[in-house]
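Engineer: Provided below are the primary sequence and the corresponding predicted coordinates.
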Amino acid sequence: MEITTETIQFSTKGYTDIIDVTTEVQAIVNKHGFTEGNATIFAIGSTGAITVVEYEPGLVKTDLPEFFEKIAPYRSHYAHHNTWGDDNGAAHVRASLVGSSFAVPFKDGQLLLGTWQQIIFVDFDTGPRNRKVVVQVVGVK
Amino acid sequence: MEITTETIQFSTKGYTDIIDVTTEVQAIVNKHGFTEGNATIFAIGSTGAITVVEYEPGLVKTDLPEFFEKIAPYRSHYAHHNTWGDDNGAAHVRASLVGSSFAVPFKDGQLLLGTWQQIIFVDFDTGPRNRKVVVQVVGVK
Amino acid sequence: MEITTETIQFSTKGYTDIIDVTTEVQAIVNKHGFTEGNATIFAIGSTGAITVVEYEPGLVKTDLPEFFEKIAPYRSHYAHHNTWGDDNGAAHVRASLVGSSFAVPFKDGQLLLGTWQQIIFVDFDTGPRNRKVVVQVVGVK
């Protein structure tokens, strides 16, 4: 069993901006020659989350943003706004709900995802950000 | 440290059908003689999820289905339906929310679950399916 | 690669009581001399959950409790109450939603968390409890 820990970086627009990171995760598994194991994808920061979705525009651009807006609206008042003068209470609530850590198993060097199942980073914050996501692979080569 | 990756298969009815997979996960840990480590349970596909619950009929047949129907109703309109002519937008939203990956630690060959804490697969889709769930065990023997 | 499995214990008040366990997790990683790997934090029992949040009073005392009360109110009727005469149906629904397992990677002996990102145990139950949380570390020393 071996381990490697890398970081990927990208820019996000906020407001439930959804980024497909599947290709990057698969590439890190393959670059190091892992055959069987799992990749932990971890979003650094408390307003981003990691999960999976079928990455098509209907879900990514409309359905997921509308769902989160319904259950935790950006324009509601949050006590968090009083603490720091921030405006991103909804982002924190949503990120805690979805979670910032996600593990995907692989075998024969291939992530064991369904055909229409992509790994996504969700930026819930209220403005553009530069994001860092940890991809840690544990397995055999 | 060693690793094994297996797949379990079963049929589901959809509409937040909840299947207890605890016995299968425990059996895979024991079959290979692992004593200390963790099992990652991963649902292949973007309309199923993995979590834990006290597996009793009130929660499994009524409370969880009613909760998800309240926050992401099956009969609402989803942009996903326009993309493919599908009717399962609610299933995708729910699955992204709960997540398709879950890790359970074990020691002395026993999953470290509470007495009333079972590992479940939740099928959110809108019809019967044959499902594959990956059970990957990492640990010592 | 080596593994260690410990349990931390603490008292909780219930009703979405949120406990920061980051210091305990970091201490377990360091006590055993791990340098690179991940810690799986697992809540034993079906009414507690693990996630991350910026641990400040606005989010912890007000925003998260109010959010969960909105989507799964304690005083609603749950079929679970009929099964056991319990009153904690909301706690079970919330815990299944958030999830009781969470993995955090570390490198150079440091958890790869953001500055304002803490690991929390959330007690959703309806009264005081003594809680056990598993911290399992897998990595190299």
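Structural biologist: Received the coordinates, thanks. The structure displayed is predicted, hence computed values, not measured ones. Numbers count the residues shown, from 1 in each chain, chains lettered A, B, ... in the order given.
Engineer: Look at the residue nearest to residue A:77 when sequence neighbours are not counted and report its pLDDT.
Structural biologist: For residue A:77, ignoring the flanking residues on the chain, the nearest one in space by CB to CB, 6 or more residues apart in numbering or on different chains is residue A:89 at 7.7 Å. Every C-beta, even on glycine, is put in place using the N, C-alpha and C of the backbone. Residue A:89 carries a pLDDT score of 97 in this model.
Engineer: same check, this time on residue A:76
Structural biologist: pLDDT at residue A:76 comes out at 96.
Engineer: The nearest residue to it once chain neighbours are set aside - how many residues pack around it?
Structural biologist: Distances taken as CB to CB, 6+ apart place residue A:90 nearest to residue A:76, at 6.7 Å, with adjacent residues excluded. Look at residue A:90: counted by other CB atoms under 10 Å in any protein chain shown, it has 27 neighbours.
Engineer: my read is residue A:90 is in a strand, agree?
Structural biologist: No. Under DSSP: H, G, I helix; E, B strand; the rest coil, residue A:90 sits outside any strand and is assigned helix.
Engineer: That one contacts residue A:71, correct?
Structural biologist: No. Under the criterion of CB atoms under 8 Å, residue A:90 makes no contact with residue A:71, lying 9.4 Å away.
Engineer: who does residue A:2 bridge with?
Structural biologist: residue A:139 (DSSP bridges).
Engineer: What is the least confident helix or strand in chain A?
Structural biologist: Within chain A, no helix or strand scores below helix A:79-84, which has a mean of 89 by mean pLDDT, DSSP states H and E.
Engineer: Only C-alpha atoms, please: export that helix in PDB.
Structural biologist: The C-alpha trace of helix A:79-84 is given here as PDB (Å, rounded to 0.1, in the frame of the first residue of the first chain):
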ATOM      1  CA  ALA A  79     -26.400  35.100  12.400                       C
ATOM      2  CA  HIS A  80     -23.100  34.500  10.700                       C
ATOM      3  CA  HIS A  81     -23.400  37.800   9.000                       C
ATOM      4  CA  ASN A  82     -23.400  39.600  12.300                       C
ATOM      5  CA  THR A  83     -20.200  37.800  13.400                       C
ATOM      6  CA  TRP A  84     -18.000  39.000  10.500                       C
END
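Engineer: check which helix or strand covers residue A:94.
Structural biologist: helix A:89-98 (DSSP states H and E).
Engineer: brain fart, residue A:70
Structural biologist: Assignment of secondary structure by DSSP H and E places residue A:70 within helix A:64-71.
Engineer: same thing with residue A:9?
Structural biologist: Assessed by DSSP H and E, residue A:9 sits inside strand A:2-12.
Engineer: pLDDT wise, what is residue A:34 at?
Structural biologist: For residue A:34, the model assigns a pLDDT of 98.
Engineer: excluding its backbone neighbours, what's nearest it?
Structural biologist: Residue A:34 sits nearest to residue A:139 (CB to CB, 6+ apart), 4.5 Å away.
Engineer: OK, contacts around the one you found?
Structural biologist: Each residue near residue A:139 by CB atoms under 8 Å, 6 or more residues apart in numbering or on different chains is listed here: A:1, A:2, A:29, A:34, A:35, A:36, A:37, A:38, A:106, B:3.
Engineer: Any figure for the gap between it and residue A:1?
Structural biologist: Separation of residue A:139 from residue A:1 (CB to CB, to the nearest Å) stands at 7 Å.
Engineer: burial count for the residue nearest to residue A:87 when sequence neighbours are not counted?
Structural biologist: Nearest residue to residue A:87, sequence neighbours excluded (CB to CB, 6+ apart): residue A:126, at 5.4 Å. Close neighbours of residue A:126, defined as other CB under 10 Å, add up to 16.
Engineer: what about the closest residue to chain C within chain A, how many neighbours?
Structural biologist: Minimum separation of chain A from chain C (CB to the nearest CB) falls at residue A:79, amounting to 3.5 Å. For residue A:79, the neighbour count with other CB under 10 Å is 18.
Engineer: and if you look at residue A:130?
Structural biologist: 8.
Engineer: same question, the one 10 residues further on
Structural biologist: The criterion is other CB under 10 Å. On that basis, residue A:140 has 14 neighbouring residues.
Engineer: Next SSE downstream of the helix or strand harbouring residue A:39?
Structural biologist: Per DSSP H and E, residue A:39 falls inside strand A:36-43. Following strand A:36-43 in sequence order, the next helix or strand is strand A:48-53 (DSSP H and E).
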